[in-house]
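Peer 1: Need a 3D model of the following:
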Amino acid sequence: FHNSLQQHLKVNYDNQLQVFIDDDIKQALAQQNRPRLMALTERLLHKAQQKDPYLQAIHYHLPDGRSFLRLHRPEAFNDINATKRFYLEQMHQHQTKLYGFENGLVKTPLFRIIEPLFWEGEYIGAVEIGASPQKVLDIIQNISRVEGMMTFFKAQPPVVFENIRHSALLNRYQQHIRYDTTLPSMISADDKRFQ
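Peer 2: All right, here's what the predicted structure looks like:
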């Protein structure tokens with residue numbers, strides 16, 4: 001089930017991410033031209049969010065780990081977030097596409113795909129897409145009519161996403177469940193287990 005879900009999210013968000021990668025966009029990132037990159041991508045984000053309300057973040061990063069453009073928060077840039085986010089740091093180090101759940105700087109976990117970008121043979125940074133974990137619960141409910149919850153323990157207090165309609169049932173469930181935290185939180189595109 002975990003593999004099927006990861007595959008669904010990977011395919012869906014990888015397809016959406018490709019909209020935010022073309023030669024004009026890569027050239028703007030390579031030249032570190034923020035106004036041009038914003039002009040090329042802002043409308044794309046609004047259209048993508050209309051199609052998929054779970055889509056919450058599109059983020060361009062420079063090779064040195066600095067944030068270059070958060071389309072979802074354009075006023076926030078130039079912070080060095082690669083040293084604060086392990087998987088982003090790994091992506092810059094190995095220049096390999098990564099998939100999976102990871103907290104952001106505001107402790108909100110998202111399903112993320114981080115893809116390295118190249119221009120004229122040179123590594124110029126990365127683009128990242130992020131979607132709400134609520135999509136996972138809604139997919140499960142849509143397919144099987146099963147209600148549930150997801151809990152992320154990296155944040156304190158833990159972040160809970162749920163679609164259980166009966167609050168008494170949710171409280172009871174949270175008191176008695178044993179959580180399995182051994183599942184991988186980020187998956188390399190090259191990981192054969194998930195292909």
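
Peer 1: Could you report the separation of Tyr13 from Glu120?
Peer 2: 27 Å (CB to CB, to the nearest Å). C-beta here means a position set from N, CA and C on the backbone, and glycine is covered the same way.

Peer 1: the more surrounded of the two?
Peer 2: Tyr13 (22 against 8; other CB atoms under 10 Å).

Peer 1: buried set for the helix or strand hosting that one?
Peer 2: Tyr13 belongs to helix 2-18 when assigned by DSSP states H and E. Of all the residues in helix 2-18, those buried under the rule 16 or more other CB atoms under 10 Å are Gln6, Leu9, Lys10, Asn12, Tyr13, Gln16, Leu17.

Peer 1: Look up the closest residue to the fourth one, ignoring the ones flanking it.
Peer 2: This means Asn12. Asp52 (7.9 Å; CB to CB, 6 or more residues apart in numbering).

Peer 1: my guess is the one you found contacts Ala131, does it?
Peer 2: Yes: contact criterion CB atoms under 8 Å: Asp52 and Ala131 qualify, at 7.3 Å.

Peer 1: Tell me which of these two has more neighbours.
Peer 2: For Asp52 versus Ala131, the count of surrounding residues by other CB under 10 Å is larger for Ala131: 22 against 15.

Peer 1: mind checking pLDDT for the residue nearest to Ala30 when sequence neighbours are not counted?
Peer 2: Counting by CB to CB, 6+ apart, Ala30 lies nearest to Trp119, which is 4.0 Å off, once chain neighbours are set aside. Reading off the confidence values, Trp119 has pLDDT 94.
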